[in-house]
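> Fold the following for me, if possible:
(one chain, ligands or ions: 1)
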Amino acid sequence: MSDRTYLDWPFFDAPQRRLAADLDAWAVENLAHLDHGDVDALCRNLVTRLGHGGWLRHCVPAAYGGASAAIDSRSLCVARETLARHEGLADFAFAMQGLGSGAISIAGGEELKQRYLPRVARGEAIAAFALSEPDAGSDVGAMSTSARREGEHYVLDGEKTWISNGGIADFYCVFARTGEAAGARGISAFVVDAATPGLEVAARIELIAPHPLASLRFRGCRVSAKQRLGEPGQGFKVAMQTLDIFRASVAAAALGFARRALDEALDRAKGRKMFGQTLADFQLTQAAIADMATAIDSAALLTYRAAWLRDVKGARTTREAAMAKMVATESAQQVIDRALQMFGGLGVVSGYPVEKLYREIRALRIYEGATEVQKLIIARETLKG
Ligand code: COS
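Residues are numbered from 1 along each chain as shown. Predicted structure coming up:
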């Protein structure tokens, strides 16, 4: 069984501790034998089941069917860590309901919140976050997708890429240039229903760890001005505020993958006989295990500090979330690599848990702000003093 002593840390209250235990029990029952043959179908199914289980309530505020008055970062993190430890796609399905609807929770008017968020929480509508473009990934302010005002509508033109849930989402939170100012200060956010004429999936993107991912094309896509999230020109801030919440949860997912890798490594080290002893009897193995366990606790401390600061202190956590994401994803990669090494040849056999983890962790060092972007953010915030 994974180390759960971190749940005794003062960052948590009873609801997060209960969530960790209940979701773990649900995951044991529900995530053991999944058919990964059709990833889209599996993701739709996981969203439905996570909705029925009540877990997606943690992705929206209570007034719209959520579990707590405001989105609770610690609950998001505990849920992602738990799901990632069991099944990467379940974590993905959960996380995207939150990231994909986060801009509505943060900046949507009452009508939009009522229309979208309860369905997100019940798993009846699949959400997606459409920010990146072929020439604007890390440099979000350089985006070129435009939204031109025409009376009571906006007309969107351009291309988005790396869009998780692209193709299976029911709606997209789309960021587009409305031109109030140059760069980051001239962007607005919109909710666009997937069936809106002028929006199409331009291409599916296949990954080393498969999940639904696509490029989207907007051609004369007309949306009502009522679909705008927040004020014109404030879209970049809405995107950044959404990322501030969900970056800490990416760290938590990395933590879940790393804990699973350590569990697998411990079983292997204790069970594998060689040279008349077990793998665990070798000091080289013990050194690896010490490094892995310490890396996991360090990442967990940063992750739950960021979540606690936001929930309990109501603080802006741009710096702390960036630190957590950088450290947790980078160190999880190393933990998983060391675990894989302990399995020798078996570690690279398709379908082995450590092989799957090895493929799954890689994208987390890139999406929602690559490690290099996190360094930029941490340095800027630190220099501000
Ligand atoms: N919360 C609230 N407001 C924020 C913010 C945050 N976290 N970060 C920036 N802002 C505000 C700034 O305060 C500034 O406001 P004013 O106009 O009032 O001065 C405005 O937004 C522009 O900010 P800034 O000048 O810092 O913009 P940059 O383009 O220089 O931002 C980074 C650079 C790298 C921080 C940003 O582009 C980023 O995070 N990129 C990575 C994006 C990403 O994660 N991409 C992956 C796709 S998402 S799956």
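> Now do the strands in the stretch 101-250 of the chain.
Along the stretch 101-250 of the chain, the stretches classed as strands by DSSP state E, counting those that start in this stretch are 127-130, 146-150, 153-164, 171-177, 187-193, 199-204, 213-224, 228-229.
> Can you lay out those as TSV showing mean neighbour count, distance to the ligand and mean pLDDT?
Backbone N, C-alpha and C define where each C-beta goes, glycine included. As requested, these are arranged in TSV below (neighbours: other C-beta atoms under 10 Å; distance: least, C-beta to the nearest ligand atom, whole Å; pLDDT from 0 to 100):
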stretch	mean neighbour count	distance to the ligand	mean pLDDT
strand 127-130	28	6	98
strand 146-150	16	18	98
strand 153-164	21	7	98
strand 171-177	28	9	98
strand 187-193	25	9	98
strand 199-204	15	17	98
strand 213-224	19	11	98
strand 228-229	24	14	98
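> ok, now which ones touch residue 196?
Shown in contact with residue 196 (C-beta atoms under 8 Å, 6 or more residues apart in numbering): 221-223.
> Can you tell me which of these lies closest to residue 181?
residue 223 (21.7 Å; C-beta to C-beta).
> which intervals of the stretch 251-385 of the chain have sub-threshold pLDDT?
Low-confidence segments of the stretch 251-385 of the chain (pLDDT under 70): none present.
> Which residue is it, in it, that comes closest to the ligand?
Of the residues in the stretch 251-385 of the chain, the one nearest the ligand is residue 369, at a distance of 3.3 Å by C-beta to the nearest ligand atom.
> With the stretch 201-350 of the chain instead?
Closest point on the stretch 201-350 of the chain to the ligand, by C-beta to the nearest ligand atom, is residue 240, at 3.4 Å.
> Tell me how many other residues crowd the closest residue to that residue other than its chain neighbours.
In space, residue 240 comes closest to residue 318 once its chain neighbours are excluded; the distance is 7.6 Å by C-beta to C-beta, 6 or more residues apart in numbering. Here the count is done by other C-beta atoms under 10 Å, and residue 318 has 18 residues near it.
> isn't residue 318 right up against residue 377?
Yes - if you go by C-beta atoms under 8 Å, residue 318 and residue 377 touch, sitting 6.2 Å apart.
> give the contact list for the closest residue to residue 198 other than its chain neighbours.
In space, residue 198 comes closest to residue 221 once its chain neighbours are excluded; the distance is 3.2 Å by C-beta to C-beta, 6+ apart. Counting by C-beta under 8 Å, 6+ apart, residue 221 touches 155-157, 192, 196-199.
> can you give me the helices for the stretch 51-200 of the chain?
If you assign secondary structure with DSSP state H, counting those that start in this stretch, the helices in the stretch 51-200 of the chain sit at 73-86, 88-107, 110-122.
> With just CA atoms, put the second one into PDB.
Written as PDB, here are the backbone C-alpha positions of helix 88-107 (Å, rounded to 0.1, in the frame of the first residue of the first chain):
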ATOM      1  CA  GLY A  88      -3.600   7.900 -15.900                       C
ATOM      2  CA  LEU A  89      -6.700   8.300 -18.100                       C
ATOM      3  CA  ALA A  90      -9.000   8.600 -15.100                       C
ATOM      4  CA  ASP A  91      -6.800  11.400 -13.800                       C
ATOM      5  CA  PHE A  92      -6.900  13.000 -17.300                       C
ATOM      6  CA  ALA A  93     -10.700  12.700 -17.500                       C
ATOM      7  CA  PHE A  94     -11.100  14.300 -14.100                       C
ATOM      8  CA  ALA A  95      -8.600  17.100 -14.600                       C
ATOM      9  CA  MET A  96     -10.000  18.200 -17.900                       C
ATOM     10  CA  GLN A  97     -13.500  18.700 -16.500                       C
ATOM     11  CA  GLY A  98     -11.800  21.200 -14.100                       C
ATOM     12  CA  LEU A  99      -9.400  22.800 -16.500                       C
ATOM     13  CA  GLY A 100     -11.900  22.900 -19.300                       C
ATOM     14  CA  SER A 101     -14.600  24.700 -17.200                       C
ATOM     15  CA  GLY A 102     -12.200  26.600 -14.900                       C
ATOM     16  CA  ALA A 103     -12.500  29.800 -16.900                       C
ATOM     17  CA  ILE A 104     -16.300  29.700 -16.600                       C
ATOM     18  CA  SER A 105     -16.000  29.300 -12.800                       C
ATOM     19  CA  ILE A 106     -13.600  32.200 -12.600                       C
ATOM     20  CA  ALA A 107     -15.100  34.700 -15.000                       C
END
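> I'd like to check the angle between that helix and helix 73-86, please.
With axes from the mean of the first three to the mean of the last three C-alpha atoms, to 10 degrees as the basis, helix 88-107 and helix 73-86 are set at 160 degrees to each other.
> what's the average pLDDT for helix 88-107?
Per-residue pLDDT values across helix 88-107 average out to 98.
> Measure how that helix sits relative to helix 110-122, angle-wise.
For the pair helix 88-107 and helix 110-122, the angle between their directions (the same axes, to 10 degrees) equals 160 degrees.
> now the angle from helix 88-107 to strand 171-177?
Counting by the same axes, to 10 degrees, helix 88-107 points 60 degrees away from the direction of strand 171-177.
> just the first one next, same as before
Orientation note: helix 73-86 sits at an angle of 120 degrees relative to strand 171-177 (the same axes, to 10 degrees).
> Residue most distant from the centroid, this protein?
Relative to the mean C-alpha coordinate of the chain, counting by C-alpha atoms, centre = their mean, the farthest residue is residue 276 (44.3 Å).
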